[in-house]
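Asker: Please find the sequence and the predicted model below.
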Amino acid sequence: MLLQASMIALAGSLAGYCISTLTRGAISREIRARMTAETLRQTAEAQADQDMLTELPNRRNFFRRLRERLERGRAGGEEFVLGVVDLDGFKSINDSYGHTVGDLLLIEVAARLRDAGGGNGLVSRLGGDEFAILIDGARNDEQLHGHGDTIRESIASPYLISDIEFSVSASVGFVRSTIADLDETGLIERADFAMFRAKANGSGTVIFSHEHEEDLEQIGRVEQALRSSDKEAEMSVVFQPQVDIASGETTGFEALARWNSPSLGNVRPDVFIAAAERTGLIEEMTPILLGKALKIARDWPGDIKLSFNLSIRDIMSSTAIDKLCRIIEASDIDPARLEFEVTETLIMSDFETARKSLAKLQTLGARVALDDFGVGYANFGHIDQLDINTIKIDRSFVTRLADGGRTAKVIKTMVDMCATLGVGSIIEGVETEQELDVLQGIGARKVQGYYYSKPMPPDEIPAFLSRRFLARIGGGPASVARAV
Ligand code: C2E
Ligand code: MG
Ligand code: MG
């Protein structure tokens, strides 16, 4: 009996011990699990807020802080300045030296920006080679330009990465929080706009002003009008001749888009093409313009070629390029008479996709030209890799001929290089006889420019062709046959 009672008591206390141990174990496991989950959550949260490469606050984090600052500002808090910093030519460094060097460069740039951004400047990485800075307090233009100079100088000093020494410059755009009642997206858009202006005019730093606001409104109006436009009815194509200077013969025409908007009148092509690219409307526009150009070129003599400009979106999607290929196939024009112009900058945004798209056009029998050559990367390697048929030497070279110096030699080098590579060359923007003489002297073959003709409407082409022919052979019955 006593034994039985002791056994029960022992079993009871053992059970109690076990239960309490088990419970304690379970509780501490639970606590540990919760702590791990919390640590993981905090880490994940920190990572979600941080750019993994540079360890700077990331875009998401920056937008949140910007929103908070704006809200504080609206509630009577301190004003501030938003800066956007973008490296110039980073893509070519990435392409030339590889992504590892590119990444190391971004890490170093981030460190320099953190130092140069100043004590109260919150520096973040918005993505790619674009960084943002928040500067507390009001700053006058002089102070901001000084700040921009400090940032750009710190970025500009040479880098030594993987035993390679190189330099990179940066462009800076500033906008004050007080410019207008904007949300964070509106403010970033304006800082970006200022930065792009700085990049475009090479001025280093630009502060967003009320005039820029007017430009933005104009851009908005163009985009709006473009959205509601009847492209088929409002858009047309004009043609500028390409001439062989030795024979004076017109070898082809470049199609150039024109837009007559019922609300805005004639809009400059660079303006509406850029707007069409930004809004994606170019995908709708290019097939219409190409269709019109092909229809007109069909009636020209069979040896007259047609050049047509393509935009980034036309060659960056296989649907878009396939659609263009179908339009070419459906037209009864020999694809060998067609040349498609693309710019190097455009190609570099995605080299491989661009190469495939251009190869599709070449498979049809069309040719490909590199437009505005010499102002961007001017990489002769691209000519080879992309199997380019023609390069069009940018107008700025001819413009600089008047300054003397080495421009003529530079053009000659490019023309000779093309000849060696078996690639055609066309020099753009020839306006005067003196320019033509110099070009002829250095052995240039084909040119395009106001000297021969401004872009003309299609109905002037037959007369132009017959005039050029008459001028060359001094008239005669053949010219009549030659004229359209
Ligand atoms: P681009 O392809 O480089 O075309 C040459 C531009 O230079 C044309 O301007 C032409 O009128 C102009 N130009 C030609 N010769 C001279 C000259 O001797 N002096 C001067 N000052 N200018 C000359 P445009 O027609 O205003 O076109 C501007 C740009 O718009 C084109 O540059 C091209 O990039 C783009 N563009 C035009 N049409 C189209 C199109 O149908 N599709 C696409 N994607 N872009 C187009
Ligand atoms: Mg062109
Ligand atoms: Mg050009």
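Answerer: Okay, I see it. Residues are numbered from 1 along each chain as shown. Ligands and ions are numbered 1, 2, ... in the order given.
Asker: Parallel or antiparallel, list what pairs with the top strand by length along the chain.
Answerer: If you go by DSSP state E, the chain has its longest strand at strand 249-261. Using DSSP bridges, the strands paired with strand 249-261 are strand 235-244 (antiparallel), strand 265-267 (antiparallel), strand 305-309 (parallel).
Asker: Mean neighbour count, those: which tops it?
Answerer: Between the strands paired with strand 249-261, the one whose residues have the most neighbours on average, counting mean count of other C-beta atoms under 10 Å, is strand 305-309 (a mean of 23). In short, each C-beta sits where N, CA and C put it, glycine included.
Asker: what does that strand rub up against?
Answerer: Counting by C-beta atoms under 8 Å, 6 or more residues apart in numbering, strand 305-309 makes contact with 242, 251-257, 289-290, 293-294, 297, 300, 333, 337-342, 369, 371, all of which sit outside it.
Asker: let's go with 6 Å and repeat that
Answerer: Among residues not part of strand 305-309, those counted as contacts by C-beta atoms under 6 Å, 6 or more residues apart in numbering are Gly252, Glu254, Ala255, Leu290, Ala293, Ala297, Arg337, Leu338, Glu339, Phe340, Glu341.
Asker: would you list those residues in a markdown table and tack on distance to His99 and secondary structure?
Answerer: Written out in a markdown table, the entries for the contacts of strand 305-309 read as follows (distance: C-beta to C-beta, whole Å; DSSP: H, G, I helix; E, B strand; the rest coil):
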| residue | distance to His99 | secondary structure |
| --- | --- | --- |
| Gly252 | 40 | strand |
| Glu254 | 37 | strand |
| Ala255 | 38 | strand |
| Leu290 | 36 | helix |
| Ala293 | 39 | helix |
| Ala297 | 43 | helix |
| Arg337 | 41 | helix |
| Leu338 | 36 | strand |
| Glu339 | 34 | strand |
| Phe340 | 30 | strand |
| Glu341 | 30 | strand |
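Asker: most neighbours, which of those?
Answerer: The most neighbours of any of those, using other C-beta atoms under 10 Å, belong to Ala293, which has 27 neighbours.
Asker: In contact with whichever residue of the stretch 201-350 of the chain sits closest to ligand 3: list those residues for me.
Answerer: With C-beta to the ion as the measure, the residue in the stretch 201-350 of the chain that lies nearest ligand 3 is Glu341; the distance is 7.0 Å. Contact criterion C-beta under 6 Å, 6+ apart gives Ser307, Asn309, Ala369, Asp371 as the residues in contact with Glu341.
Asker: cool, and Ile245?
Answerer: Neighbour list for Ile245: Gln440, Val447 [criterion: C-beta under 6 Å, 6+ apart].
Asker: So which residues on this structure come close to ligand 3?
Answerer: Asp371, Asp372, Glu428 (C-beta under 5 Å from the ion).
Asker: related to what we said a few turns ago, pipe the contacts of strand 305-309 into CSV and attach pLDDT and distance to Tyr97 per row.
Answerer: Formatted as CSV, the entries for these read as follows, by pLDDT from 0 to 100; distance: C-beta to C-beta, whole Å:
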residue, pLDDT, distance to Tyr97
Gly252, 97, 39
Glu254, 98, 36
Ala255, 98, 38
Leu290, 98, 38
Ala293, 98, 40
Ala297, 98, 43
Arg337, 98, 41
Leu338, 98, 37
Glu339, 98, 33
Phe340, 98, 30
Glu341, 97, 29
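Asker: Give me the three-state assignment for Val206.
Answerer: Secondary structure for Val206, judged by DSSP: H, G, I helix; E, B strand; the rest coil, is strand.
Asker: Report the beta-bridge partners for it.
Answerer: Using DSSP bridges, the beta-bridge partners of Val206 come out as Gly173.
Asker: contacting residues around Ser263?
Answerer: Shown here is Ser263, whose contacts under the criterion C-beta under 6 Å, 6+ apart are Ala225.
Asker: What's the per-residue pLDDT of it here?
Answerer: Ser263 is assigned a predicted lDDT (pLDDT) of 96.
Asker: What of Leu14?
Answerer: Each residue has a pLDDT score; the one for Leu14 is 55.
Asker: Within reach of ligand 1, which of the contacts of strand 305-309 are there?
Answerer: Glu341 (C-beta under 6 Å from any ligand atom).
Asker: burial count for the closest residue to Lys91 other than its chain neighbours?
Answerer: On the basis of C-beta to C-beta, 6 or more residues apart in numbering, the spatially nearest residue to Lys91 that is not a chain neighbour turns out to be Met348, at 5.9 Å. With neighbours defined by other C-beta under 10 Å, the count for Met348 comes to 17.
Asker: The one 5 residues further on now?
Answerer: Thr353: 15 surrounding residues under other C-beta under 10 Å.
Asker: Which element, helix or strand, includes it?
Answerer: For Thr353, the enclosing helix or strand under DSSP states H and E is helix 351-364.
Asker: which strands and helices sit next to that helix?
Answerer: Under the contact definition 3 or more C-beta pairs under 6 Å, 6 or more residues apart in numbering; DSSP states H and E, helix 351-364 sits against helix 312-316, helix 318-330.
Asker: Can you say which of the strands paired with strand 249-261 is nearest to Gly102?
Answerer: Each of those was checked against Gly102 via C-beta to C-beta, and the shortest separation belongs to strand 305-309, namely 30.2 Å.
Asker: follow-up on the earlier one: of the contacts of Glu341, closest to ligand 1?
Answerer: When those are compared for distance to ligand 1 (C-beta to the nearest ligand atom), Asn309 comes out closest, at 3.6 Å.
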